[in-house]
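Peer 1: No letters, just coordinates:
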């Protein structure tokens, strides 16, 4: 199953004004909101995971860096892209954000067109990753089915070869050369005296 449209964005900000402005700007997506880092993590672990997280850095309790670090250290949530929304766009904060796993930064106050472009870019990339994962799982299932069939055919092939007890009884000397290419040999069996 492919990533559904519209994709879901989790907005994490302790300012309701920012949440409303972001929802309005990103109305083509399904936007949900959390007003704290703890609330965001609870939501992510109990509801359907979002396709993207817009995350404020400066929040009471758990800041955005801690939230992002927690998400990236969990195999279940590590692939969700995080865009930091912050008024702190100095190099030290940018580096710290990227080190904890941010995909991008948007400076506050944000430009709506820039916001839409960055969000669309991250969602497009996430959708590609999700769809590639689905394709790989499908290929693995097909490979497993083919391999299982080959092992079953190998058992049938072994069963068609004469047993050693029979060959000892009917032939004084004999040998069997059975060398499959991978799992199966050709179906040609040749006997001679």
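Peer 2: Cool, got the structure. Not measured: the values here are computed from a predicted model.
Peer 1: Now do the strands in the protein.
Peer 2: Assigned by DSSP state E, the strands in the chain fall at 8-12, 30-34, 52-56, 82-86, 104-107.
Peer 1: any chance of those in CSV, plus mean pLDDT, mean neighbour count and distance to residue 97?
Peer 2: Where C-beta positions appear, they are placed from N, C-alpha and C, glycine not excepted. CSV is the format used below for these (pLDDT from 0 to 100; neighbours: other C-beta atoms under 10 Å; distance: least, C-beta to C-beta, whole Å):
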stretch, mean pLDDT, mean neighbour count, distance to residue 97
strand 8-12, 96, 23, 14
strand 30-34, 95, 19, 19
strand 52-56, 96, 26, 9
strand 82-86, 93, 24, 5
strand 104-107, 91, 17, 6
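Peer 1: will you turn these into CSV that also has distance to residue 153?
Peer 2: Shown next, in CSV, are the strands of the chain (distance: least, C-beta to C-beta, whole Å):
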stretch, distance to residue 153
strand 8-12, 46
strand 30-34, 48
strand 52-56, 47
strand 82-86, 49
strand 104-107, 51
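Peer 1: what residues are up against the residue lying closest to residue 110 once chain neighbours are set aside?
Peer 2: Leaving aside its sequence neighbours, residue 110 sits nearest to residue 85 (C-beta to C-beta, 6 or more residues apart in numbering; 6.8 Å). Contacts for residue 85 (C-beta atoms under 8 Å, 6 or more residues apart in numbering) come out as 13, 18, 22, 54-57, 106, 108, 110.
Peer 1: how does it look with 7 Å?
Peer 2: Residue 85 sits next to 13, 54-56, 106, 108, 110 when contact means C-beta atoms under 7 Å, 6 or more residues apart in numbering.
Peer 1: can you tell me how far it sits from residue 36?
Peer 2: 15 Å (C-beta to C-beta, to the nearest Å).
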